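*Asks:* could you work out the structure for the sequence below:
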Amino acid sequence: MTTVRGARARARDEVTAAIKDEARRQLAAEGAAKLSLRAVARDLGMVSSALYRYFPSRDDLLTALIVDAYDALGAAAEAALRAASPAASSAGAPATAPVTSGTGASTATRATPGAGASAASPGPAAPGASATPGAPPTAGASDPAGPQVTPRGRWVVVCRAVREWAKAHPHEYALIYGSPVPGYSAPQATVAPASRAAHVLLAVLREAHRTDGVAPPPLAADLRAEGERLAAELAPDLPPALVLAFVGAWCQLFGLVSFEVFGHFHRVVEDPEAFFTHAADRLGRDLGLLR
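*Replies:* Numbers count the residues shown, from 1 in each chain. Here you go, the predicted structure:
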């Protein structure tokens, strides 16, 4: 009986994966607003009533795709940070410890899904890194395969991983950070996956704060209440000034990525790789992360 149940579970997983793969193909061809369960069923050779047993509605399918996209982006960011950790650099191989959000961190970052969501001690300088404070990294300093042990170096590596994932998966990126899907409201189930990449960058800040690798910017008097509220919600173990600056840097990071992925740098930025690396380094510098 256990063997039968296992076979049924595998079969269901295979059909679910096929449905989502076809839905992603339709996203690329037609966009999220035109995603149709009937069209997915037709192209898979299924009757629509059979598909409804897997995804009762279009919104359920959209939510599954959104969660998958956020999880894939978060996993890419986590892998980049593991590879750039001091332990990985000293050992010559990626560290295996998972990235965690830290004690007291909220499970949400208020980075709500873009697809119509209404819900929910500094180490030695890395090879190739500039020794001048504030100077942007060279190519070697931002290579995810190379050692990254400085706070700002790790920040840049994670930012690059976000950009690289988005460029490799533009339609999934558009689903989570593009135009809202008419009639769709993302449920609470999307919040934790949406927070994964943010928690990776917060982990960079936590490590820097623990090892005196960050000098947070001053907190303006008129933003003190906002900074304290955000810190209480997102990262109670970090200074309010740093959390407030992080939220601004988070928004700017995805602005940079979105402009490139959606083609707004066309005939404007001719070397997007260098441009992004310098911009990400500048964000880290503005946060007070030390090189």
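*Asks:* and the spatially closest residue to residue 27 that is not a sequence neighbour, how far is that from residue 165?
*Replies:* The shortest distance from residue 27 to any residue other than its chain neighbours is 4.9 Å, reached at residue 171 (C-beta to C-beta, 6 or more residues apart in numbering). C-betas here are computed from N, CA, C, even on glycine. Distance of residue 171 to residue 165, computed by C-beta to C-beta, to the nearest Å: 12 Å.
*Asks:* could you identify the helix or strand that succeeds the one helix or strand residue 11 maps to?
*Replies:* Assigned by DSSP states H and E, residue 11 belongs to helix 2-30. Sequence order places helix 37-44 as the next helix or strand after helix 2-30, per DSSP H and E.
*Asks:* so which residues make contact with that next one?
*Replies:* 18-19, 22-23, 26, 47-48, 50-52, 55, 57-58, 61 (C-beta atoms under 8 Å, 6 or more residues apart in numbering).
*Asks:* and the angle for that helix with helix 2-30?
*Replies:* Going by axes from the mean of the first three to the mean of the last three C-alpha atoms, to 10 degrees, helix 37-44 is angled at 110 degrees with respect to helix 2-30.
*Asks:* starting at the chain centroid, how far to helix 37-44?
*Replies:* Relative to its chain's centre, helix 37-44 lies at 30 Å (C-alpha atoms, centre = their mean, to the nearest Å).
*Asks:* in it, what's buried?
*Replies:* For helix 37-44, burial by neighbour count (16 or more other C-beta atoms under 10 Å) applies to 37, 40, 41, 44.
*Asks:* next one: stretch 221-239
*Replies:* Neighbour-count burial for stretch 221-239 [16+ other C-beta under 10 Å]: 227, 228, 230, 231, 234, 235, 238, 239.
*Asks:* between residue 171 and residue 165, which has more neighbouring residues?
*Replies:* Legend: neighbour count by other C-beta atoms under 10 Å for residue 171 and residue 165, higher for residue 165 (21 against 18).
*Asks:* now the element after the one helix or strand residue 199 maps to, going C-ward?
*Replies:* Secondary structure from DSSP H and E places residue 199 in helix 191-210. Going down the chain from helix 191-210, the next helix or strand is helix 224-234, by DSSP H and E.
*Asks:* show me what the helix or strand just after that following helix is packed against.
*Replies:* Going down the chain from helix 224-234, the next helix or strand is helix 240-261, by DSSP H and E. The helices and strands touching helix 240-261, judged by 3 or more C-beta pairs under 8 Å, 6 or more residues apart in numbering; DSSP states H and E, are helix 151-168, helix 170-177, helix 191-210, helix 224-234, helix 272-287.
*Asks:* confidence score at residue 130?
*Replies:* Predicted confidence (pLDDT) for residue 130: 34.
*Asks:* no wait, residue 91
*Replies:* Residue 91 is assigned 43 on the pLDDT scale.
*Asks:* buried residues in stretch 47-56, which are they?
*Replies:* Within stretch 47-56, the residues that count as buried by 16+ other C-beta under 10 Å are 51, 54, 55.
*Asks:* tell me the spacing between the first one and residue 13.
*Replies:* With distances defined as C-beta to C-beta, the gap from residue 51 to residue 13 amounts to 15 Å.
*Asks:* again, but for the second one
*Replies:* Noted for residue 54: a distance of 10 Å to residue 13, by C-beta to C-beta.
*Asks:* check contacts around residue 254.
*Replies:* 162, 177 are the contacts of residue 254 under C-beta under 8 Å, 6+ apart.
*Asks:* please repeat the previous calculation with a cut-off of 6 Å.
*Replies:* residue 177 (C-beta atoms under 6 Å, 6 or more residues apart in numbering).
*Asks:* what's the separation between it and residue 20?
*Replies:* Look at residue 254 and residue 20: by C-beta to C-beta, they are 24 Å apart.
*Asks:* got the angle between the helix or strand where residue 63 lies and helix 151-168?
*Replies:* Per DSSP H and E: residue 63 is located in helix 58-83. Per the same axes, to 10 degrees, the angle that helix 58-83 makes with helix 151-168 is 140 degrees.
*Asks:* taking helix 191-210 as reference, get the angle to helix 58-83.
*Replies:* 20 degrees.
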